[in-house]
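Undergrad: prediction below, plus the sequence it came from.
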Amino acid sequence: MKTKLNLVVLFTLLLFQISCTTKTPTDLTKTSFIPKPVSVTATGNTFEIKGSTIIYVQDKLKQTGGYLAAELNKITGLTLEVKTTDKAPAKGVYLDLSEGNNDFGDEGYKLTIDKRLITISANNPAGCFNAIQTLLQTLPVKADAGEPLKIATGVIRDYPEYAFRGAMLDVARHFFGVDDVKRYIDFLATYKMNVLHLHLSDDQGWRIEIKSWPKLTEIGGSTQVGSGEGGFYTQGQYSDIVKYAQERNIMIIPEIDMPGHTNAALASYAELNCDGKASELYTGTEVGFSTLCTDKEITYKFIDDVVRELAELTPGPYIHIGGDESHVTAMKDYIPFINRVQKIVVSHGKKVIGWDEIANATLVENATVQFWANVKNTTLGVKQGAKVIMSPAAKAYLDMQYDSTSTFGLHWAGYIEVDTGYSWDPATLVPGISKENILGIEAPLWSETVTNIDEIEYMVFPRLPGYAEIGWSAPEARNWDKYKLRLAKHGKRFHAMGIDFYRSPLVPWE
Ligand code: ACM
């Protein structure tokens, strides 16, 4: 009897050792998912991805299946096959739109990992895309040659808290090329964010080709902060960015900031200035000194042309009109200006978004106010029936320094260490603004001090996953002390992705 018991103990120990040395994952609940899914249940087995694993998709999911195959191929060095089918296979990976589950909404999903079959079910391709991001987090970013790719079995049911989960990139103060923007989009996609707001014009630069006003990019796009070369996107390049984003469930929101933050346009066209003289190009970092001439008719012709061309390039419903920090536009001129510009946006079939100052005007139906600084403005917007995007500068600005030793960034809204960035709830931050008023959250990266992709990465990581989790996971499921342990595990992923991230001392990096 005793010998039998010893044998059992020995055998168990041996099994344990084998499972430790080959790192066979069997407990799905141990995976450090960000954002935290609604529910994860483990079933104690293992699925293995091999060269012979086939990805089966319904016809509408061909593109999503292709994305999954490409991502898995990057990890494994394999070339997985994608096949179209309309019924569940016995083994492989299956992407399925037939679930019809109300809980999942537009972007939720169920991910079922069995020993022989992984099934992704959702109401929409966007839900399948999100499930793929979850699945990819069960795997290394890059596997060693010959390393088996094993995934613990179980079931994940998941859906977002907010429909709008965004980040902004200021390409006006410093210009970033198409490849940099695509890398930024990949970062957002990894963490299930679905909006990229591009700040396309400011005092220092105009970054989008407008065919009816070519000098905007010829002159206005020719420089940037610090007098560097600047740059701009041709309409073809811009459409390429929009398509790349669309394939990753990301909507691009273009912003043309006005009536302030317009020096680049004012330097390009003399007639937009009240005195009829083109201003000088500007490469400093002051704000609030420029304004379009609000009582000249040509100003509205200009805006109509710009919004028309931009709307044609924009499949998404929104055009962002800026409206912030127009310190040299008198309020008596600002209000009718914003009223008129909103109507131009609507006339081109788009919805208006503006920074919180626009709530001083009479908002059109379906306008959205982006809260960054002023509670009174934002509350005024809510009273007019507008929805709110939460981008509180002191919590969500990616250009704020982590602490006083940060090399890049500013600190006018304070220092934002990783815990400060993570630990807030959009629905309770501002009295009078509650969840039903809120479309979602956005973390903006202004680029006065940020000049290249490495510096972008340093400011964005590791804070971005936290903003993604605030947007996706319910507040009661979020907890800094637990989150920091999950984030610590993502350090290896950042490293493998070549991301130059800030190694916050608050996170126990592995
Ligand atoms: C802003 O930070 N001026 C919106």
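TA: Cool, got the structure.
Undergrad: E442 and W355, how far apart?
TA: 11 Å (C-beta to C-beta, to the nearest Å). For glycine as for every other residue, the C-beta is placed from the backbone atoms N, C-alpha and C.
Undergrad: any residues in contact with both of these two?
TA: Q370 (C-beta atoms under 8 Å, 6 or more residues apart in numbering).
Undergrad: quick check: M251 touching N194?
TA: Yes. Counting by C-beta atoms under 8 Å, M251 touches N194, with 6.3 Å between them.
Undergrad: which one's more surrounded, these two?
TA: Neighbour count, other C-beta atoms under 10 Å: between M251 and N194, N194 has more, with 26 against 18.
Undergrad: look up how far the ligand lies from that one.
TA: 21 Å (C-beta to the nearest ligand atom, to the nearest Å).
Undergrad: could I get the pLDDT score of N101?
TA: We have a pLDDT of 79 for N101.
Undergrad: how about the contacts made by it?
TA: G108, K110, S121, N123.
Undergrad: that's a helix at A42, yeah?
TA: No. If the criterion is DSSP: H, G, I helix; E, B strand; the rest coil, then A42 is strand and not within a helix.
Undergrad: need the contact list for it.
TA: Taking C-beta under 8 Å, 6+ apart as the definition, contacts of A42 comprise T26, D27, L28, T29, K30, A152, T153, G154.
Undergrad: mind redoing it with 6 Å?
TA: With contact set as C-beta atoms under 6 Å, 6 or more residues apart in numbering, A42 has these partners: D27, L28, T29, G154.
Undergrad: and these, which are buried?
TA: Buried residues within the contacts of A42, counting neighbours by 16 or more other C-beta atoms under 10 Å: L28, G154.
Undergrad: in strands, which of the contacts of A42 fall?
TA: G154 (DSSP state E).
Undergrad: can you map out the helices along the stretch 51-200 of the chain?
TA: Applying DSSP state H, counting those that start in this stretch to the stretch 51-200 of the chain gives helices spanning 62-76, 125-136, 178-190.
Undergrad: of these, which is nearest the ligand?
TA: helix 178-190 (18.5 Å; C-beta to the nearest ligand atom).
Undergrad: which residues touch the closest one?
TA: So helix 178-190 is contacted by A167, L169, L196, Q237, I241, Y244, A245, R248, I250, I453 (C-beta under 6 Å, 6+ apart).
Undergrad: now do 7 Å
TA: If you take C-beta atoms under 7 Å, 6 or more residues apart in numbering as the criterion, helix 178-190 is touched by 133, 167, 169, 196, 233, 237, 240-241, 244-245, 248-250, 453, 456, 460, 464.
Undergrad: work out the gap between stretch 275-284 and the centre of the chain.
TA: Relative to its chain's centre, stretch 275-284 lies at 33 Å (C-alpha atoms, centre = their mean, to the nearest Å).
Undergrad: buried residues, it. List them.
TA: A278, S279, L281, Y282, T283.
Undergrad: how about the residues of the protein near the ligand?
TA: Proximity of the chain to the ligand (C-beta under 6 Å from any ligand atom) is limited to residues D324, E325, W355, W372.
Undergrad: for the record, mean pLDDT for stretch 376-394?
TA: 98.
Undergrad: quick one: terminal-to-terminal distance for it?
TA: 16 Å (C-alpha to C-alpha, to the nearest Å).
Undergrad: next one: stretch 48-56
TA: Stretch 48-56: ends 16 Å apart by C-alpha to C-alpha.
Undergrad: quick one: buried residues of it?
TA: I49, T53, I55, Y56.
Undergrad: chain center to that stretch, what's the gap?
TA: 30 Å.
Undergrad: can you list contacts of it?
TA: Contacts for stretch 48-56 (C-beta under 7 Å, 6+ apart): 65, 68-69, 72, 76, 78, 80-83, 85, 89, 92-94, 148-150.
Undergrad: state the mean pLDDT of that stretch.
TA: On average, stretch 48-56 scores 96.
Undergrad: got any ranges where the stretch 351-500 of the chain has weak pLDDT?
TA: Applying pLDDT under 70 to the predicted model, the stretch 351-500 of the chain contains no residue that meets it.
Undergrad: got the angle between the helix or strand containing E48 and helix 62-76?
TA: Assigned by DSSP states H and E, E48 belongs to strand 39-49. Angle of strand 39-49 versus helix 62-76, following axes from the mean of the first three to the mean of the last three C-alpha atoms, to 10 degrees, is 70 degrees.
Undergrad: and strand 39-49, which strands flank it?
TA: strand 149-158 (antiparallel) (DSSP bridges).
Undergrad: need the mean per-residue confidence for the partner strand.
TA: 97.
Undergrad: now do it: distance to the chain's middle.
TA: Its chain's C-alpha centre and that of strand 149-158 lie 25 Å apart, by C-alpha atoms, centre = their mean.
Undergrad: picking that back up, quick check: buried residues in the strand holding E48?
TA: V40, A42, N45, T46, F47, I49.
Undergrad: same question, stretch 406-413
TA: S406, F408, G409, L410, A413.
Undergrad: now secondary structure too, for those, in CSV please.
TA: Listed next are the buried residues of stretch 406-413 as CSV, based on three-state DSSP:
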residue, secondary structure
S406, coil
F408, coil
G409, coil
L410, strand
A413, coil
